[in-house]
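[1] Please find the sequence and the predicted model below.
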Amino acid sequence: MGPRREKLVSSGVPILGVDPGYGRCGWGIVEMLGNRLRTCGCGVIETSARVPFTERLTVLHAELQEVIRRHGPGEAAVEQLYFAKNVKTAIDVGQARGVVILTCAEAGLAIAEYKPVEIKLAVTGYGAATKDQVQRMLRMLLGSQPLPKLDDASDALAAAVCHAHSRALKSAARRA
C-alpha cells in the first residue's frame, strides 16, 4: 500500500482577509468546513478624500471593528505592502495597514501577513497571476457564490483563502 494521503481539513474558524487601504480597504471572511471553502461576507470600507486623513483612519478603525463584531473571525490575514512608486501613497497605505493590524490585535485575532506574490501563488499556483486569473480561481474555490465587483474585496478574499490553505497545510504537517 502507498503512503496515506491526509486531507487538507481545517476547523470552521472564520478567517478575515484584509487588503489595506485608506480610500478603500477590502475585507472578506471565509470559512473552511471540511475541505470546502465558503464565503461568509465581504465588502469595502470607503473613506472620503474630503475629510482629514486622521479622520479617515478613525473611520477605518471603527468600521473594521464592526466587521469583526458582526462576523466573529478568529484569525486575520493581512496583505503586506509592495513597493509603490508614489512614496506618499505608500506611507499613507502603511498607516492604514497599521490601523488594520491594531484593530485585529485589539479584537484578539491571530494575525498572519502575506506578500501579494504569496497570495497569488496560494490561490492560483502562479505568483505572477493577473487579477483576472485570481478572480477566476476564487470563483472555482468558493463555488457558485458571487464574487464582489471591487478588486479590493476580491483581494481580501484571496488573502483569507491563502491563509486557510496555509493553516490547513500546517495542520496536515503536524499530523504527519
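    Here it is on my side, so go on.
[2] Buried residues in the longest helix seen in the chain, which are they?
    In the chain, assigned by DSSP state H, the helix with the most residues is helix 151-175. Within helix 151-175, the residues scored as buried using 16 or more other C-beta atoms under 10 Å are 151-168. All C-beta atoms are positioned from the backbone trio N, CA, C, and that covers glycine.
[3] Tell me the buried residues in stretch 67-87?
    For stretch 67-87, burial by neighbour count (16+ other C-beta under 10 Å) applies to 67-68, 71, 73, 75-79.
[4] out of those, what pair is the most spread apart?
    Spatially, the most separated pair among these is His71 and Glu79, at 18.2 Å (C-beta to C-beta).
[5] circling back: check which helices and strands the longest helix of the chain sits against.
    Using 3 or more C-beta pairs under 8 Å, 6 or more residues apart in numbering; DSSP states H and E as the contact criterion, the secondary-structure elements in contact with helix 151-175 are strand 15-19, strand 24-33, strand 36-46, strand 75-79, strand 110-114, helix 116-124, helix 131-141.
[6] Could you please name the strands the third one pairs with and the direction of each pair?
    Strand 36-46 sits in its sheet next to strand 24-33 (antiparallel), going by DSSP bridges.
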